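Trainee: got a predicted structure here, sequence first:
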Amino acid sequence: MAKINRRMTVLVGGSLCMALFFGAAFVAPATAQSLDKKVIKIGVAAALKQPFGQASVRGAEMAADEINKAGGVLGANIELVVADTEATAPKATEAIERLYYRDKVDAIVGAYSSEEATAFQEESAKLKLNMLFHGTTHILDDKYKGDSTKYKYYWNYITSDLHYTDYVRDYQLGVLVDALKKQLGLSKINVGDLTDAAL
């Protein structure tokens, strides 16, 4: 289990490192040599009782530490503020609003499940606050395409579930099926692919 959690932390940490850097860059004017502020507050909204949420927080901490040790963003250090989404849309909405209104964060990263991602998209439009997250679906992408002005504050850094399903079917399952055919001496194997597309 430790290996899985470590791997998840590294994977999520790599994504959140990118997200934290760009999240911090959202508040930094492109032409500025330094920021007026010394701290950029980044909210991390994650399901704290779930392994994927814990990995998100550890990954964000690793990323913030790495960025701060390298000099921060335009001279400002990143400070993380964590809130629990409990992996549901209502709790994610509460967490986001608490981070925004009470903690005065400059941007928010996080989310993993489709429910959380839905809340992130709607809250980013409502609060006009940049949010970077994963766990999105094609439905969120379609909403953005339908009203890109309203949803311009939401940033998704993972492929939609439709593209991911295509990848799984065409590449991962293709390799698996070919290996099984060879190993078992079968000419045809039927495989079912289940993916989370729930909102």
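Mentor: Thanks, I have the structure now.
Trainee: check contacts around the spatially closest residue to Lys143 that is not a sequence neighbour.
Mentor: Excluding its sequence neighbours, the residue lying closest to Lys143 (CB to CB, 6 or more residues apart in numbering) is Tyr151, at 6.1 Å. Where C-beta positions appear, they are placed from N, C-alpha and C, glycine not excepted. Contacts for Tyr151 (CB atoms under 8 Å, 6 or more residues apart in numbering) come out as 121, 124-125, 143-144.
Trainee: so Lys152, which of the three states?
Mentor: Following DSSP: H, G, I helix; E, B strand; the rest coil, the label given to Lys152 is coil.
Trainee: who are the contact partners of it?
Mentor: Lys152 neighbours (CB under 8 Å, 6+ apart): none.
Trainee: do you know how far it is from Leu180?
Mentor: Per CB to CB, to the nearest Å, Lys152 is found 45 Å from Leu180.
Trainee: now swap in Glu86 and tell me
Mentor: 39 Å.
Trainee: so these two - more neighbours on which side?
Mentor: For the pair Glu86 and Leu180, the greater number of neighbours falls to Glu86 (18 against 13), based on other CB atoms under 10 Å.
Trainee: contacting residues for the more buried one?
Mentor: Contacts for Glu86 (CB under 8 Å, 6+ apart) come out as 47-49, 92.
Trainee: tell me how far it lies from Leu127.
Mentor: 20 Å.
Trainee: below-threshold pLDDT in the protein: ranges please.
Mentor: Of all residues in the chain, those with pLDDT under 70 make up the ranges 1-35, 134-138, 157-172, 191-199.
Trainee: strands of that one, start to end?
Mentor: 39-46, 77-84, 107-110, 131-133, 154-156 (DSSP state E).
Trainee: show me what the third one is packed up against.
Mentor: Counting by 3 or more CB pairs under 8 Å, 6 or more residues apart in numbering; DSSP states H and E, the packing neighbours recorded for strand 107-110 are helix 2-25, strand 39-46, helix 51-69, helix 114-127, strand 131-133.
Trainee: in the sheet, which strands lie alongside that strand, parallel or antiparallel?
Mentor: Using DSSP bridges, strand 107-110 pairs in its sheet with strand 39-46 (parallel), strand 131-133 (parallel).
Trainee: and these as TSV, adding mean neighbour count and distance to Ser114?
Mentor: Converted to TSV, the strands paired with strand 107-110 look like this (neighbours: other CB atoms under 10 Å; distance: least, CB to CB, whole Å):
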stretch	mean neighbour count	distance to Ser114
strand 39-46	26	15
strand 131-133	28	11
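Trainee: need those in a markdown table with distance to Glu116, can you?
Mentor: As requested, the strands paired with strand 107-110 are arranged in a markdown table below (distance: least, CB to CB, whole Å):
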| stretch | distance to Glu116 |
| --- | --- |
| strand 39-46 | 7 |
| strand 131-133 | 7 |
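Trainee: what's the closest of those to Asn77?
Mentor: Among the strands paired with strand 107-110, the nearest to Asn77 by CB to CB is strand 39-46 (5.6 Å).
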